[in-house]
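Q: 3D, please:
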Amino acid sequence: MSDDTNRPVALVTGAAGGQGWAIARRLRAEGFSVAACDRRIGELLAAVDGLGDDAVLALELDVTSPEQWRAAVDRVAERFGALSALVNSAGVLHRAALDQETPEGFENSWRVNCLGAFLGIRAALPRLRAAPQPSVVNICSTGAIRPFPRHAAYGSAKWALRGLTQTAAAELGPSGIRVNAVFPGPVATPMLDAATQTRLAATAMFGRLGRPAEIADAVAFLVSDAAAFITGSELVVDGGQCLQIR
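A: Numbering: from 1, shown residues only. As a prediction, this is how the structure comes out:
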């Protein structure tokens, strides 16, 4: 257990790279102890070892596994003594035309992009209820605001995550647990290949894609005391993407 038992503790999924790693580092900079979780444990361990910070814990976690979720939450409580913030950042981008989509591909997108967040909230709930100022942030997508062709599985899963966020906020509010969502637009991470990044930047309102640190900024705000009266919110961080008609 950490010596600083008053330090807030966050669990961040999808933390081996991109937005998840940026979120984990930003929350650590804000004074959180952080459990950085991902299936890609080799990459995650290398990143965490590079920090040389005993307040950042690397954990292997497949977000579609209830058993691994329970083990991860128990390990976080054992190491840091509490859990006060859950950031569901793990996601998978899956593209296919409707007539080319498969049941397996569709279901896998839903399992990672929506079921994983549900399992995380369920596993973390007892610890969150015991924490001061507890909060959950789900990383959604502008694909849950406007439709994108060839994104039936991904888009519908993110729409479901949007609904889960609202329902959880309404249900958990009386327990003092805030639940909010961040809706990133296109962000420069390995999830988008170079050609896609170039194409999207060429039509972007600001002439560029978002940066992982800008998504982390939004998450840091929503888990902070500055957002203590905010729940059920949808914070869009898209550089104006949803304002464009293209």
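
Q: Surely Leu192 touches Ala201?
A: No: in this structure, Leu192 is not within contact of Ala201 by CB atoms under 8 Å, at 10.0 Å. Where C-beta positions appear, they are placed from N, C-alpha and C, glycine not excepted.

Q: Walking through this structure, point out its helices one by one.
A: 18-29, 41-51, 66-80, 103-110, 116-129, 152-172, 194-203, 212-222 (DSSP state H).

Q: ranking those helices by burial, who's on top?
A: helix 18-29 (a mean of 24; mean count of other CB atoms under 10 Å).

Q: picking that back up, mind checking which of the helices of the chain is nearest Thr142?
A: helix 152-172 (8.7 Å; CB to CB).

Q: from the chain's centre, how far out does the closest one sit?
A: Helix 152-172 has its C-alpha centroid displaced from the chain centroid by 13 Å (CA atoms, centre = their mean, to the nearest Å).

Q: Could you do stretch 137-155 as well?
A: The answer for stretch 137-155 is 14 Å, by CA atoms, centre = their mean.

Q: So which bits of it are buried?
A: Burial within stretch 137-155, assessed by neighbour count using 16 or more other CB atoms under 10 Å, is assigned to 137-145, 151-155.

Q: And it, end to end?
A: Terminal residues of stretch 137-155 are spaced 18 Å apart (CA to CA, to the nearest Å).

Q: what's the residue sitting nearest the centre point of the chain in contact with, if anything?
A: Nearest to the mean C-alpha position of the chain, by CA atoms, centre = their mean, lies Ser89 at 1.8 Å. Residues near Ser89 by CB atoms under 8 Å, 6 or more residues apart in numbering: Val12, Thr13, Gly14, Ala15, Gln19, Gly20, Ile23, Ile139.

Q: Please apply the same query to Glu43.
A: Ala16, Gly17.

Q: 6 Å instead, please
A: By CB atoms under 6 Å, 6 or more residues apart in numbering, the contact set of Glu43 is Ala16.

Q: what about it, distance to Leu83?
A: From Glu43 over to Leu83 the distance is 23 Å, taken as CB to CB, to the nearest Å.

Q: Check Glu30 too.
A: The gap separating Glu30 from Leu83 is 16 Å, by CB to CB.

Q: Would you check which pair of the buried residues of stretch 137-155 lies furthest apart?
A: Farthest pair in those, by CB to CB: Val137 and Ala152, 25.5 Å.

Q: what does the helix or strand of the chain at the bottom of the mean pLDDT ranking contact?
A: Using mean pLDDT, DSSP states H and E, helix 194-203 stands out as the lowest-scoring helix or strand of the chain, at a mean of 80. Outside helix 194-203, the residues within contact range by CB under 6 Å, 6+ apart are Pro186, Ala188, Arg208, Leu209.

Q: one more time with 7 Å, if that's ok
A: Pro186, Ala188, Gly207, Arg208, Leu209, Arg246 (CB atoms under 7 Å, 6 or more residues apart in numbering).

Q: again with stretch 115-131
A: 11, 13, 63-64, 66, 69-70, 73, 77, 82-84, 86, 88, 90, 134, 136, 138, 161, 164, 168, 175, 177.

Q: can you rerun that using 6 Å?
A: 63-64, 66, 69-70, 73, 77, 82-84, 86, 88, 90, 134, 136, 138, 161, 168, 175, 177.

Q: That's all I had, so thanks and see you.
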